[in-house]
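**Q** structure for the following, please:
(chains A, B, C and D)
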There are 2 protein chains.
Amino acid sequence: MGQSITNTVFTALSTDVVVFTIQDDRLLVLLVRRRRRPYAGSWALPGGLVPEDEGLDECARRMLGEKAGVRGVYLEQLYSFGAPQRDPRGRVVSVAYYALVPPNRVQLEAMAEDAEREWVPVDNLPELAFDHFAVVSMAHQRLAAKLAYSTIALQFMPEKFTLSELQSVYEIILGESLDKRNFRKRVLALPCIEDTGECFRAGKHRPAKLYRVNTPGRVEIIK
Amino acid sequence: MGQSITNTVFTALSTDVVVFTIQDDRLLVLLVRRRRRPYAGSWALPGGLVPEDEGLDECARRMLGEKAGVRGVYLEQLYSFGAPQRDPRGRVVSVAYYALVPPNRVQLEAMAEDAEREWVPVDNLPELAFDHFAVVSMAHQRLAAKLAYSTIALQFMPEKFTLSELQSVYEIILGESLDKRNFRKRVLALPCIEDTGECFRAGKHRPAKLYRVNTPGRVEIIK
DNA sequence: TTGACATAGTGTAGATAAAACACTAACGTC
DNA sequence: GACGTTAGTGTTTTATCTACACTATGTCAA
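**A** From the prediction side, this is the model:
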């Protein structure tokens, strides 16, 4: 490193991640229980301080792995929160991210017996530490807005899925029901969606066709 | 302050502001010449370190006042840039903002004789320090995108303006020309636009009606 | 005074996209 | 083979977007 930074103020910097998934027709957020003060015992977003040699995205992705046990999922920077009094210990600026985890990538087993982590419905959050409620709200808003003009919802889907499952993802995030035929028309018009030729039998009714995304990981802007 | 933050890493944190204005049918960005290393002598965005007791928005707004001589204009957080090597001195994370200044609010007089500050067309930038080129690009993109679904362009207008002037703002930002009649139809349908009853005479041709925004400062999401 | 020039201002028809809407198909079970 | 349950399919109507050309009002100069 050539020069050093002089006459300056240093700030504690953290990343916090709003990890979304979908289970049982609800949009869930991962919360972790705080052990230390402040807010010891209350729920908070997974997150942590950014080491000096780590990029912001990189740090958020690490948090996702360490605290949520998830890797390789969609992750996007949301907003930076820096009100001077947002942390009672002193100045901590948080760069917030949000992540989308397909339900099949969540290990509920490991999580069930873990009193430190919990998936909570986004519309039924407990009191959260710091300004984390505002962070979750903004993330939910952003996610809902992106449904309208991108293929972001596909990030919630497993490799193969039915159109009904996908529609239900939209409905859960938006909190309103959609017209089945119009929905299918729009989705099938996307070039990134393709029929697998396979079917999915579940229950005592007609099996549904399985579809697949031909560019997994990509989120396209549409229209 | 109750507790202190222990066992942690502190980071230098700055805000940088992409200040846009419009002059002579071009979208301009305010640049300041760096005096110190690194990048001494090259152009950079106005910005500076965030003091411990100052909010991020507040800091960005202060930079805007101190370094651009502008206050009371539209300001929005853009993105946070935190690649570990973006500053050769060491880790500096930048929370970027962008601001929109109506042309009549820019004091070009004071600026003309100031070799340290310059308004530069966004499509003809010189080499910029750090990752500031990427910051400007993202800001321009965001601004252009917002034209489509918000009333953000009105933040460039003086108190009274003609529809042709407004249309020209759209065209300059988007880099393409728009249909006059369709444009006027859309704009006049906005509830926040009202006719002042006055006219504007400029040059040897028909005078144009002057309009006004009835909620200045507000940026509405439309459609 | 009138003709040339420059910008302001106006409406409609066609195309495209969005919204509303109801029945048939396939499977399992009793 | 009748019933329950979810999958799957088109058309009509409505609203929105696009393309497009002429008249109006002022200044200025001949």
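**Q** all helices for chain A, in order.
**A** Here chain A has its helices, by DSSP state H, at A:56-68, A:108-112, A:132-149, A:163-174, A:180-188.
**Q** nearest to DNA strand C, of the ones you listed?
**A** Closest approach to DNA strand C among the helices of chain A is made by helix A:180-188 (3.7 Å; C-beta to the nearest atom of the strand). The C-beta positions use only the backbone N, C-alpha and C, and glycine is treated the same way.
**Q** which residues does that closest one contact?
**A** A:163, A:166-167, A:170, A:193 (C-beta atoms under 8 Å, 6 or more residues apart in numbering or on different chains).
**Q** could you work out the most separated pair of those residues?
**A** Using C-beta to C-beta, these span at most 13.7 Å, a distance reached by A:Tyr170 and A:Ile193.
**Q** ok, so of the contacts of helix A:180-188, who is nearest DNA strand D?
**A** DNA strand D lies nearest to A:Leu163 out of the contacts of helix A:180-188, by C-beta to the nearest atom of the strand, at 4.9 Å.
**Q** isn't that closest one right up against A:Leu210?
**A** No - A:Leu163 is beyond contact range of A:Leu210, at 9.5 Å (criterion: C-beta atoms under 8 Å).
**Q** wait, does stretch A:187-196 contact DNA strand D?
**A** No - Stretch A:187-196 stays clear of DNA strand D (C-beta under 7 Å from any atom of the strand), getting no nearer than 7.5 Å.
**Q** what does A:Arg36 show for phi and psi?
**A** phi -100, psi 170 (degrees, to the nearest 10).
**Q** near DNA strand C, which residues of chain A show up?
**A** So far as C-beta under 7 Å from any atom of the strand goes, chain A lies against DNA strand C at A:179-182, A:186, A:199, A:201, A:203-207, A:223.
**Q** can you name the two of these that sit furthest apart?
**A** Longest span within the residues of chain A next to DNA strand C, C-beta to C-beta: A:Lys204 and A:Lys223, 38.3 Å.
**Q** helices and strands of chain A: which one bottoms out on pLDDT?
**A** Every helix and strand in chain A was compared by mean pLDDT, DSSP states H and E; the lowest is helix A:108-112, with a mean of 62.
**Q** on that earlier part again, just put the contacts of helix A:180-188 in CSV and tack on distance to B:Pro51.
**A** Converted to CSV, these look like this (distance: C-beta to C-beta, whole Å):
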residue, distance to B:Pro51
A:Leu163, 53
A:Leu166, 48
A:Gln167, 50
A:Tyr170, 44
A:Ile193, 50
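**Q** any chance of the residues you listed in CSV, with neighbour count too?
**A** Listed next are these as CSV, based on neighbours: other C-beta atoms under 10 Å in any protein chain shown:
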residue, neighbour count
A:Leu163, 17
A:Leu166, 19
A:Gln167, 18
A:Tyr170, 19
A:Ile193, 18
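**Q** want to try a markdown table for these, with pLDDT as columns?
**A** Below are the contacts of helix A:180-188 laid out as a markdown table (pLDDT from 0 to 100):
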| residue | pLDDT |
| --- | --- |
| A:Leu163 | 98 |
| A:Leu166 | 98 |
| A:Gln167 | 98 |
| A:Tyr170 | 98 |
| A:Ile193 | 97 |
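**Q** of those residues, which is the nearest to B:Leu27?
**A** Nearest to B:Leu27 among these, with distances taken as C-beta to C-beta, is A:Tyr170, at 36.7 Å.
**Q** what about the closest one, distance to A:Pro102?
**A** Using C-beta to C-beta, to the nearest Å, one obtains 15 Å as the distance from A:Tyr170 to A:Pro102.
**Q** ok, A:Pro158 next?
**A** For A:Pro158, the distance to A:Pro102 - C-beta to C-beta - is 5 Å.
**Q** the more surrounded of the two?
**A** A:Pro102 (19 against 12; other C-beta atoms under 10 Å in any protein chain shown).
**Q** list the residues that contact that one.
**A** Shown in contact with A:Pro102 (C-beta under 8 Å, 6+ apart): A:21, A:73, A:155-158.
**Q** which parts of chain A sit against chain B?
**A** Residues of chain A lying near chain B by C-beta under 8 Å from any C-beta of the partner chain: A:1-5, A:8-13, A:37-38, A:49-56, A:77, A:79-84, A:88-93, A:95.
**Q** now with 7 Å, please.
**A** For chain A, the residues in contact with chain B (C-beta under 7 Å from any C-beta of the partner chain) are A:1-5, A:8-13, A:37-38, A:49-56, A:77, A:79-80, A:82-84, A:88-91, A:93, A:95.
**Q** having no further points to raise, I will conclude here.
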